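Asks: Curious how this folds, go ahead:
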Amino acid sequence: AYIPQALLGQPQERDLLAVANAWSEGQGRKLWLVLGDYGTGKSVFFRHFSYGLARAAMDDPAAPVPIAIDLKEFPNAVPLKGLLQEHFRKTLAWHGDPGIFLHLLSVGRAVLLLDAFDKMGTAALVCGMEEQFRQLARAAQGRGEDPRSNRVLITCRTHFFRDHGQLAELGDTIGGQVDSHLGEVACSLDAEMDELALFDRHRIELYLEQALGAGSSAEALRIIDDTYDLANLVSRSVRLEMVAQDLPALIDSGETLSPAALYRSYTDRWFEAQAGGQLAATADQRRRLLEHLAFDLWGRPQHRVHFRDLHEGLHRAPLELYGDLGPAGVDLELRQASFLIPTQEGYYSFSRKSFREFFFARHLQQSMLSGVEDFAQALDTTHVCPEAVEFLLDLLSQDQQPILERVCQSILSQCYRKRVSENTLRLAYG
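Replies: Sure, this is the predicted structure:
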């Protein structure tokens, strides 16, 4: 069931669906941006709102018809006409003139809904994020007599347009490094920009009760409260949904409900769910890309990297890690990753430091299984924090724990290497 969402506002939050319905009827500015961090429910709202408009149009011939396009499905589409053409060819096998739909927009008979602008990585490499945005927003610039004419809604991650907001809640220090030039462009196009509110305790409880029932939801809340950083993660609706799906199976399996078990179950589910479509990498390649990225970022200032630098580093990694992916392919794969924040300039960082710690711990685990020297190379980095150590220890199976002891003893018996030896001691006495 749909859990009511809210928009940030002063002096109080506003009901998202009520604002959206009023917008579709001609209130507010024609170009509307709904912004939010990953998992705050932008796509859930997009689908629910689109469905509601479609049902209303079936019942009322005068109601506007939604043209709802998931931009993740069309990362190569640049001009708006080309996007419309590709969308209707794919969904309806229709090959007509897309100018028909632009006319319907101009007379208020349709509204254009575009989800996930931040996923259009390949197109951005061709023409730049600003030009891509201007082309999509162009449909809102025409004049029309009907207040409902030229209505365009675009959803996107907040940091593409603003350098504050939910970025302060990421658990990392990235501050003013995010450029807000697109926000200035949006203002010049007379756009309205709203940010989604995170799920509060009441909405979390309501969702869990609907998903699990009253008894199980109370146990789920207890586990969430007791697990490292999980209460912050589930304030995003998509993470709450996946945790709610994973908890019953983990409880029934008898597996210890450690932070690593919950993070592994959640991330593995995402990797499998992203198979196919525009993405070329396998689930295992995606997992290893994230592990490699976490290791690469661990010692970098501000814990971020440009995708071209990352791609150059991948060429020094085993071939199976990146396969035939070129720079555009790597960018597209990472742009889809729910655990990352991509900027319009092509930089990547993890959306929360707990994800970086988890994937770094997985990298350490794989390196340990590859041998002493690989493990030493993985430890040749800056201070390995206690949270990453805890993740690693939780990830190890019973038969892997003696392996960790052996490789740590082997490294400590060798000549002192400052970062390697000190990080090994942190693991050995973790």
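Asks: which stretches of the stretch 301-430 of the chain form helices?
Replies: Shown for the stretch 301-430 of the chain, the helices assigned by DSSP state H, counting those that start in this stretch span residues 307-314, 319-322, 327-335, 353-370, 372-379, 386-395, 401-412, 418-428.
Asks: could you show me where the helices are in the stretch 1-150 of the chain, in order?
Replies: In order along the chain, the stretch 1-150 of the chain carries the following helices (DSSP H, counting those that start in this stretch): 16-24, 42-59, 80-92, 99-106, 121-127, 129-137.
Asks: From what I see, residue 242 and residue 270 are in contact.
Replies: Yes: under the contact definition of CB atoms under 8 Å, residue 242 touches residue 270, with a separation of 7.2 Å. Just so you know, the C-beta spots here come from the backbone N, C-alpha and C atoms, and that holds for glycine as well.
Asks: More neighbours: which of those two?
Replies: Taking residue 242 and residue 270 together and counting by other CB atoms under 10 Å, residue 242 has the greater number of neighbours (22 against 19).
Asks: Residue 335 against residue 129, yeah?
Replies: No: if you go by CB under 8 Å, residue 335 and residue 129 don't touch, sitting 11.4 Å apart.
Asks: which stretches of the stretch 1-150 of the chain aren't confidently modelled?
Replies: Low-confidence segments of the stretch 1-150 of the chain (pLDDT under 70): 10, 77-78, 121-127.
Asks: Please repeat the previous calculation with a cut-off of 90.
Replies: 1-3, 9-13, 37-41, 72-79, 118-132, 141-145 (pLDDT under 90).
Asks: Out of the helices of the stretch 301-430 of the chain, point me to the one whose mean pLDDT is lowest.
Replies: For these, the weakest mean pLDDT is recorded on helix 319-322, namely a mean of 60.
Asks: coming back round to it: in CSV, list the helices of the stretch 301-430 of the chain along with mean neighbour count.
Replies: Formatted as CSV, the entries for those read as follows, by neighbours: other CB atoms under 10 Å:
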stretch, mean neighbour count
helix 307-314, 17
helix 319-322, 14
helix 327-335, 21
helix 353-370, 23
helix 372-379, 18
helix 386-395, 19
helix 401-412, 16
helix 418-428, 17
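Asks: Residue 40 is nearest to which of those?
Replies: helix 353-370 (15.8 Å; CB to CB).
Asks: hang on, the earlier thing: I'd like the helices of the stretch 301-430 of the chain as CSV, with distance to residue 301 appended.
Replies: Compiled in CSV, the helices of the stretch 301-430 of the chain are given as follows (distance: least, CB to CB, whole Å):
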stretch, distance to residue 301
helix 307-314, 13
helix 319-322, 24
helix 327-335, 19
helix 353-370, 14
helix 372-379, 20
helix 386-395, 18
helix 401-412, 27
helix 418-428, 16
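Asks: which one of the ones you listed lies closest to residue 21?
Replies: In terms of CB to CB, the element of the helices of the stretch 301-430 of the chain nearest to residue 21 is helix 327-335, at 30.9 Å.
Asks: can you pull the contacts of the residue nearest the centre of the chain?
Replies: Within the chain, one residue has its C-alpha closest to the average C-alpha position: by CA atoms, centre = their mean, that is residue 338, at 2.8 Å. Listed by CB atoms under 8 Å, 6 or more residues apart in numbering, the contact partners of residue 338 are 38, 39, 238, 270, 351.
Asks: Tell me the pLDDT of the fourth one.
Replies: Spelled out, that is residue 270. The confidence metric pLDDT takes the value 77 at residue 270.
Asks: Check the nearest residue to it once chain neighbours are set aside and give its pLDDT.
Replies: Excluding its sequence neighbours, the residue lying closest to residue 270 (CB to CB, 6 or more residues apart in numbering) is residue 338, at 5.8 Å. According to the model's per-residue confidence, residue 338 sits at a pLDDT of 73.
Asks: going forward can the numbers begin at 207, since that is how I track them
Replies: Noted, 207 is the first residue going forward, which turns the last one into residue 544.
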